[in-house]
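# 3D model of this:
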Amino acid sequence: MAQITDQGITGRSLNEYLGDIKEKTLAIDPEWNIDPDSPDGQRIGIEAEMFANLDEAVVAAYRSKDPDSATGEALRDIGKISGIPIREATYSVAPITVTGQTGTPIPAQSQVRSRIDNTVWLTTAVIVIGVGQTATGFATCTTPGRVLASPGELTIIGTPIGGWSSVTNGEAAAGVAAESDEDFRIRRNNGVSRAGSNMRDNMEANIASVPGVTDVKVLENSSDSPFDVDGVPYTGIAVIVNGGADADIGLAMYQKHNPGTPMLPRYSSKTDTWVDPPGANGVKVDVTSPVTGNKAVMTFQRATGLPIFVAITIQREGDLPSNIEYLIKKAVIADSTRSLFSGETTTGFNRGGYDIGEKVPPGRIYTPVNKVLGQYGDSYITSLTIGISAVAQGLTPIQPTIAQIATFDPDNIQVTVIP
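Numbers count the residues shown, from 1 in each chain. Just a heads-up that it's a prediction; the model follows:
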């Protein structure tokens, strides 16, 4: 039977049990007929299979308590012990600009629709149209998962409000599907730092555990400069978040924020004004401590998508399926959304998609393309370029800003196959 020792757990295989039972049976009577097609031989086979199945169950139960090997519900239970629940599918968030009569308030949960696919998006907070007859805010898609919205697609006002005349949007930061075991295991391992004493680590882990948050980045200026290259003030931090509700993120920041640490963009509670221009990404949250009742202002930035344009040329060698262009586009997008190697044990490849502010080198895109081509003979890539527009293509890596995430849209990927 399976044994648990200080070295771990060991079990026996079906063949080992089969040989052991045969040996013990013949020790009783060497003339016993235990051929596989005899009644006793079949009985031995049934017993050996039962013992092997029991060993497998014991080993699986033992390993289900190990975060590195647990799967499914067992892995979720481990996450609950750490206070880190599984993340369900999340929703795309787009920055929006509204125009209309000065002073008009647009309530939270007001509807905006896409002129392309008619998806419904809801404003995340109250937006008050300013003196320039415009204001900015954010809208969350009501459809879970990866819903794309390029600039200028969210132009239909779904909730008519007097004084609100038009709306448009910037590139949306896409949501993600429900979390896989692989992604949840990585996030749980990172999340155990929530209780740590390093503000940057435990704040990032605390925000990452907010429902709906898919990505979070915490930057700090530890240099002697008044502002570092990212614009973070001296001794300050910059928090960039994708997904989640403003109020929940603000509270998660407050719970781990060290007093006296400025945040980018900075906001003065004394004068009730922004010190740094918040731009379209800046968010201010008024927080009241649920423990002491103390009040504070937390500021962070919403991540926005940076569309990446790709041009790929393939030399056909042998047969390629008629939908090769679709397959390659699908693989490039899967690589960007952490699903290219989903369910596979392949190692040696970047499986993490693109994080907030992560550089996009053109060589990275060879992996998903070759993964497709490798299934169909000897066809190969003759050129692969990237850019931030269809006409500006090259081999230079693309560096998003600290508040951007690289996004890939099928319409922005051009695949050319040379016969």
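# who's in contact with Glu179?
Ile86, Arg87, Glu88, Arg187 (Cβ atoms under 8 Å, 6 or more residues apart in numbering). (C-beta placed from N, C-alpha, C; glycine too.)
# now rank these by neighbours and give me the top one.
Within the contacts of Glu179, Arg87 tops the neighbour count with 22 neighbours, counted by other Cβ atoms under 10 Å.
# just to revisit the earlier point, can you add pLDDT, secondary structure and distance to Asn412 and give the contacts of Glu179 back as JSON lines?
Listed next are the contacts of Glu179 as JSON lines, based on pLDDT from 0 to 100; DSSP: H, G, I helix; E, B strand; the rest coil; distance: Cβ to Cβ, whole Å:
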{"residue": "Ile86", "pLDDT": "77", "secondary structure": "coil", "distance to Asn412": "32"}
{"residue": "Arg87", "pLDDT": "77", "secondary structure": "coil", "distance to Asn412": "27"}
{"residue": "Glu88", "pLDDT": "80", "secondary structure": "coil", "distance to Asn412": "28"}
{"residue": "Arg187", "pLDDT": "70", "secondary structure": "helix", "distance to Asn412": "29"}
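# pull the most distant pair out of those.
Farthest apart among these by Cβ to Cβ are Glu88 and Arg187. That separation is 13.0 Å.
# okay, now stretch 341-360: how far is its last residue from its first?
19 Å (Cα to Cα, to the nearest Å).
# mind listing the helices for this protein?
14-28, 39-63, 72-81, 181-191, 199-208, 246-256, 324-336, 366-373 (DSSP state H).
# got those helices as a markdown table, with distance to Ile161 columns?
Converted to a markdown table, the helices of the chain look like this (distance: least, Cβ to Cβ, whole Å):
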| stretch | distance to Ile161 |
| --- | --- |
| helix 14-28 | 69 |
| helix 39-63 | 56 |
| helix 72-81 | 41 |
| helix 181-191 | 39 |
| helix 199-208 | 32 |
| helix 246-256 | 20 |
| helix 324-336 | 36 |
| helix 366-373 | 44 |
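# tell me which of these lies nearest to Thr142.
The nearest among the helices of the chain, by Cβ to Cβ, is helix 246-256 at 17.2 Å.
# mind listing residues that contact the closest one?
124-125, 194, 199, 202-203, 206-207, 209-213, 239, 241, 263, 283, 285-287, 289-290, 296, 298, 300.
# filter these to the buried ones?
124-125, 194, 202-203, 206-207, 209-210, 212-213, 239, 241, 263, 283, 285, 287, 296, 298, 300 (16 or more other Cβ atoms under 10 Å).
# which stretches of the stretch 251-400 of the chain have low pLDDT?
Scanning the stretch 251-400 of the chain for pLDDT under 70 picks out 343, 345-352.
# show me the strands in it, by range?
Under the criterion DSSP state E, counting those that start in this stretch, the stretch 251-400 of the chain contains strands at 263-264, 267-268, 273-274, 282-288, 295-302, 304-307, 309-315, 380-387.
# export the ones you listed to a markdown table and tack on distance to Pro39?
Shown next, in a markdown table, are the strands of the stretch 251-400 of the chain (distance: least, Cβ to Cβ, whole Å):
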| stretch | distance to Pro39 |
| --- | --- |
| strand 263-264 | 78 |
| strand 267-268 | 83 |
| strand 273-274 | 86 |
| strand 282-288 | 75 |
| strand 295-302 | 72 |
| strand 304-307 | 68 |
| strand 309-315 | 61 |
| strand 380-387 | 60 |
